[in-house]
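Asker: make a model of this:
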Amino acid sequence: MRYLLLILLLLAACTPPASDEPPATATRPRPSPTRTPRPTPIPTRPAQSDDEWQSAFPGAEILQTEDGILAIRHAPTAVDYDHRFEPGLLDGEFISGWLEQKGRATAAVNCGFFQESEGAYRHIGLLMTNGEQSARLRSNWGGVLIVRNGEAFVVRRPQRLLAPADLGIQGWPMLLEGGSALPRLNDVDPARRTAVGVDGAGRVVWLATAQQITLADFAEQLQHPKLGLIDAINLDGGSSTGLKWRANPNVSQSGIESLPVPCAILLSPI
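Answerer: I've put the predicted structure just below:
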């Protein structure tokens with residue numbers, strides 16, 4: 001009995017005291033084994049949908065995206081092109097005014113950039129319709145939309161104009177190339193925006209938004225699958241942004257109004 005009592009006393013001395021802290025395995029998960037991360041799959045762009053494009057006027061369709069972008073598209077051969085450029089500092093017009101002046105025109109959009117020089121405005125970069133050139137190509141700058149021989153295409157950083165065009169309009173910078181937004185676009189300064197591009201079916205697409213957004217955000221929005229754009233060029237923005245249209249010359253206009261600008265591209269049904 002004495003030996004049994006001695007053994008019990010020895011066992012009690014070797015047992016650790018109770019603790020309020022739960023066992024480590026209950027609160028500290030074991031580290032996960034290291035795994036080689038798999039590359040993120042590149043999402044496939046959905047096929048372009050025509051569901052929300054509506055007839056705007058003969059030969060053209062219109063769409064407004066949920067991001068607030070107003071777009072007009074047409075086949076290169078579906079419209080006649082014209083432009084107005086007024087160099088006088090006090091002779092600009094609202095985009096609606098330019099559209100109204102051209103009796104049979106059904107859409108008008110502001111041109112590329114312009115600046116004051118020697119008491120008058122001059123357009124920066126190419127401005128041409130029906131072979132009539134109001135401003136020369138600016139070499140190695142931005143991009144230019146050309147419509148010639150029934151085809152529309154965009155040239156990045158053009159070097160020279162090889163032949164007269166039905167339409168030639170130059171802007172800066174390029175926003176989309178091959179369907180993707182270009183890197184290092186301005187992501188700081190918000191403004192209203194205007195652009196022109198070509199979609200996967202070879203149609204010309206004019207775009208404008210009255211929202212105050214950066215160029216980087218604008219380019220992201222232009223990747224919307226319903227727009228189907230392949231290449232796009234930035235045109236003048238801010239207070240110059242304007243895109244107005246009407247079903248025919250006898251009805252009221254719709255769209256985005258600009259402040260007075262010296263230049264407009266005008267579209268008329270063939």
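Asker: residue boundaries of the helices in the stretch 51-200 of the chain?
Answerer: Secondary structure of the stretch 51-200 of the chain by DSSP state H, counting those that start in this stretch: the helices cover 95-101.
Asker: where does the stretch 51-200 of the chain dip in pLDDT?
Answerer: With pLDDT under 70 as the threshold, the stretch 51-200 of the chain has low-confidence stretches at 51.
Asker: I'd say residue 94 and residue 260 touch.
Answerer: Yes: Residue 94 lies in contact with residue 260 (C-beta atoms under 8 Å); the separation is 5.9 Å. Every residue, glycine included, has its C-beta placed from N, CA and C.
Asker: which residues do those two both contact?
Answerer: Overlap of the contact sets of residue 94 and residue 260 (by C-beta atoms under 8 Å, 6 or more residues apart in numbering) is empty.
Asker: helix, strand, or coil at the residue nearest to residue 181 when sequence neighbours are not counted?
Answerer: Of all residues not flanking residue 181 in the chain, residue 219 sits nearest, at 3.8 Å (C-beta to C-beta, 6 or more residues apart in numbering). Three-state call for residue 219 (DSSP: H, G, I helix; E, B strand; the rest coil): helix.
Asker: and the pLDDT for residue 219?
Answerer: pLDDT for residue 219: 98.
Asker: quick one: it from residue 238, how far?
Answerer: 17 Å (C-beta to C-beta, to the nearest Å).
Asker: surely the residue nearest to residue 181 touches residue 176?
Answerer: Yes: contact criterion C-beta under 8 Å: residue 219 and residue 176 qualify, at 6.3 Å.
Asker: okay, now residue 190: neighbour count?
Answerer: 16 (other C-beta atoms under 10 Å).
Asker: quick check: it touching residue 216?
Answerer: No: taking contacts as C-beta under 8 Å, residue 190 lies outside contact range of residue 216: 10.4 Å.
Asker: show me where the stretch 101-250 of the chain has its strands.
Answerer: Counting by DSSP state E, counting those that start in this stretch, the segments of the stretch 101-250 of the chain that form strands are 107-110, 114-117, 120-123, 127-129, 132-135, 143-148, 151-156, 167-171, 174-177, 180-181, 191-199, 204-213, 229-235, 243-245.
Asker: deepest-packed of those strands, please.
Answerer: Stretch with highest mean neighbour count among those: strand 107-110 (a mean of 29; mean count of other C-beta atoms under 10 Å).
Asker: contact partners of it?
Answerer: Residues outside strand 107-110 that contact it (C-beta under 8 Å, 6+ apart) are 56-57, 60, 72, 79, 95-96, 98-99, 102, 194, 196, 206, 208, 235-236, 240-246, 258, 261, 263-267.
Asker: for residue 219 and residue 238, work out which one has more neighbours and name it.
Answerer: Taking neighbours as other C-beta under 10 Å, residue 219 and residue 238 compare with residue 219 leading, 26 against 15.
Asker: for residue 152, which non-adjacent residue is spatially closest?
Answerer: residue 76 is the one closest to residue 152 (C-beta to C-beta, 6+ apart), at 4.3 Å.
Asker: what distance do you get for that neighbour to residue 105?
Answerer: Applying C-beta to C-beta to residue 76 and residue 105 gives a distance of 17 Å.
Asker: neighbour-wise, which of those two wins?
Answerer: Just comparing residue 76 and residue 105: by other C-beta under 10 Å the higher neighbour count belongs to residue 105, 25 against 20.
Asker: and the more buried one, backbone torsions?
Answerer: phi -70, psi 150 (degrees, to the nearest 10).
Asker: that one: what's it in contact with?
Answerer: 82, 99, 249, 266-268.
Asker: mind running it again at 6 Å?
Answerer: 99, 266, 268 (C-beta atoms under 6 Å, 6 or more residues apart in numbering).
Asker: what's the distance between the first one and residue 119?
Answerer: Between residue 99 and residue 119 the distance, using C-beta to C-beta, works out to 27 Å.
Asker: neighbour count winner among those two?
Answerer: Counting neighbours by other C-beta under 10 Å for residue 99 and for residue 119 shows that residue 99 has the greater number, 27 against 8.
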